[in-house]
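S.K.: this is the structure alone, sequence omitted:
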């Protein structure tokens, strides 16, 4: 049954209007004599306008029956009285009630024709000179252009909210640009992908073998591959995917690839034995990062080992903490290398090394700056060192370009570098290629860069394999930590992490252990077992909070024991529906006040604030990042916004149209958990694809826990996971590029001098 309602009538009053996205609440007098409250995205709506509306009736919990507008059409009035009412509404800048009456008295039903085609005749009206007539004409045409563009886009199934985005980008040329090449939408508009643009193009009758379609499709495939973590795509993989997705023959695909190369939209190069195809952005990013890290590594101090060791010994005597051989080596190298990598698993003393490095540089009156990829990792670093650590984004001063959340820019760069003598970055395995390049740009040659991380962790969520590539290149100094210290040996979590990494099965359920296994042979029963653990058994045993301190980490997204299925189950158990809780349903599920959520993409433009207990703003800024977790505090159906308070107390407000950036986070994929620590980690392990049940995935999950690990599922599946040493493969050329650039730079540039020689 079709519940769509169509009404024609006049806007009686504007109750609310958001000037940014044109979400509007208004009272509407239908021609049938009924007054209806309407909600929807309608640009530049004014009181007195005539509309034709199409939508469905909904019941708002606070405001009652409303018409949710899906499609609208602004009806241009044709008789003099209606025209005067329209102009007097304030819709056209420069025309008020008195001026409207004068114009309509003069031109009658021809008023709109005069304003649009013969605007110079408006000077016949007392009080209107040529400049004012031109402004009235311009404002009227702008209204006409918006109306035409919105109606044009609605015909192709584009939502009103998305149509507003498109018009803001293209302006009066919207229809012209889309007719010429609808695939530009996929490149220019956040939220419109290739598939949507392709659907519009198909509706317009554009041929499937159109070069614009094939080229846009190729770029879409490359960008999707970057989103999957790869910096480049092998040529054969790309052409095969293009033929499959686009239905094009190989000759057409190769021809379009050559055109994209000529247009400098892609770059093709031999990387080791692979015919690699890059997006231009990723190619320039990789080249820039490789060049800069080599440049930084050339700057070093001449080693005075005696002096360095004396300083370390004095520090040891003061602190009472004596370094093991590998730890001492790391500290010594940090004192003399331009770039140093320190890598090791849990319990190998990375924090002790960082603290000693900071103390030594502080004693030399050198400025040390600390950072990590995520807010949680930065918070842990601050707690471990007693010195403030920032997120890399915050350290660099992230902002955005032209209201485009996907195009980040940083205040700190080559022209305005980070003010520091030493930069220490923790959890480097999480750092992606683009963020790493931005960081390197902001570090002056002569500033030491110390990269700390666990090379056995999963690679970054975004594109790149930075830590492993740097180690693989053998260009910069690497200190590998393998010794597990006595205190760490008392933790089954740490010992099992190292067992897993070595390919040995973990030891579980020993007396007094912090590592447990709950046998559940039936996958369908695992979700309910996890609910019982979280709500009943674990709170009593561990004494920690079910909501914030326990985190389910799963290898996969889909299925009942994947993140999507478990989130629905856990939402019902931990935050069930209630009359006092507002909800909002999206195509991916329901968001409810009180829900635990995670940001799943970087949004450099989203504003946030922090409040004192009295409600005063203590700080504010922009930028919410992939992996940030929080709780939904408020869902406002009138303003169509969701307020989220993140676990670092930042408060951000999302429009309903931006909710694709949020997911429930009662359960998250192991990949998304990188850089975080939780008191209790619960890991469901059963059957699944081999690529999702790998050793380093399990290793990463286990190392996220501080107090307890509980594995739920099959022991045989755990064994298979430990035995599967297949790592997530990444196509990345950083190591290759560092090696190929190193010799060239060393030979052609006089950069082998030490810092002491420069001073």
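M.R.: Now that the structure is in, tell me what you want to look at. Quick caveat: nothing in here was measured; it's all calculated off a predicted structure.
S.K.: now do the SS call for the spatially most central residue of the chain.
M.R.: Centroid check for the chain by CA atoms, centre = their mean gives residue 601 as the closest residue, at 1.6 Å. Assigned by DSSP: H, G, I helix; E, B strand; the rest coil, the conformation of residue 601 is coil.
S.K.: just residue 219 next, same as before
M.R.: Strictly by three-state DSSP, residue 219 counts as helix.
S.K.: with adjacent residues omitted, what lies nearest to residue 305?
M.R.: Counting by CB to CB, 6 or more residues apart in numbering, residue 332 is the residue found nearest to residue 305 once chain neighbours are left out, at 6.8 Å. (Glycine included, C-beta is placed from N, CA and C.)
S.K.: can I take it that the one you found is in a helix?
M.R.: Yes. Residue 332 forms part of a helix when assessed by three-state DSSP.
S.K.: so who does it touch?
M.R.: By CB atoms under 8 Å, 6 or more residues apart in numbering, the contact set of residue 332 is 305, 308, 309, 312.
S.K.: quick one, phi psi at the last one?
M.R.: Backbone geometry at residue 312, expressed as degrees, to the nearest 10, gives phi -60, psi -40.
S.K.: for it, give me its contacts.
M.R.: So residue 312 contacts 323, 328, 331, 332, 356, 360 (CB under 8 Å, 6+ apart).
S.K.: could I get the residues you listed as a markdown table with pLDDT and distance to residue 442?
M.R.: Listed next are the contacts of residue 312 as a markdown table, based on pLDDT from 0 to 100; distance: CB to CB, whole Å:
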| residue | pLDDT | distance to residue 442 |
| --- | --- | --- |
| 323 | 83 | 31 |
| 328 | 89 | 30 |
| 331 | 90 | 25 |
| 332 | 90 | 27 |
| 356 | 91 | 25 |
| 360 | 89 | 24 |
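S.K.: now do the SS call for the residue lying closest to residue 524 once chain neighbours are set aside.
M.R.: Sequence neighbours aside, residue 560 is the residue nearest to residue 524 in space, at 6.4 Å (criterion: CB to CB, 6+ apart). The assignment at residue 560 comes out as coil when based on three-state DSSP.
S.K.: ok, back up a step: look up how far residue 480 lies from the residue nearest to residue 305.
M.R.: Taking CB to CB, to the nearest Å as the measure, residue 332 falls 15 Å from residue 480.
S.K.: cool, residue 702 as well?
M.R.: 20 Å.
S.K.: assign the closest residue to residue 496 other than its chain neighbours to helix, strand or coil.
M.R.: Of all residues not flanking residue 496 in the chain, residue 506 sits nearest, at 3.7 Å (CB to CB, 6+ apart). Per three-state DSSP, the local secondary structure of residue 506 is coil.
S.K.: the one 4 residues further on now?
M.R.: Reducing the assignment at residue 510 to three states with three-state DSSP gives coil.
S.K.: give the contact list for it.
M.R.: By CB under 8 Å, 6+ apart, the neighbours of residue 510 are residue 492.
S.K.: got the phi/psi numbers for it?
M.R.: Torsion angles, degrees, to the nearest 10, at residue 510: phi -70, psi 160.
S.K.: what's the answer for residue 349, then?
M.R.: Dihedral angles for residue 349 - degrees, to the nearest 10 - are phi 90, psi 20.
S.K.: that one against residue 327, yeah?
M.R.: Yes. Judged on CB atoms under 8 Å, residue 349 makes contact with residue 327 at a distance of 5.1 Å.
S.K.: can you check which residues contact both of those two?
M.R.: With CB under 8 Å, 6+ apart as the test, residue 349 and residue 327 both reach residue 481.
S.K.: picking that back up, what about residue 702 and residue 480, which has more around it?
M.R.: For residue 702 and residue 480, the more surrounded residue by other CB atoms under 10 Å is residue 702, and the numbers stand at 26 against 14.
S.K.: ok, the more buried one to residue 111 distance?
M.R.: 74 Å.
S.K.: regarding this structure, what is its longest helix?
M.R.: Longest helix in the chain by number of residues (criterion: DSSP state H): helix 130-154.
S.K.: now residue 225: how far from residue 237?
M.R.: Residue 225 is 8 Å from residue 237, by CB to CB.
S.K.: specify the local secondary structure of the nearest residue to residue 301 once chain neighbours are set aside.
M.R.: Setting aside the residues directly before and after it, residue 301 is nearest to residue 336 in space (CB to CB, 6+ apart), at 4.7 Å. With three-state DSSP as the basis, residue 336 sits in coil.
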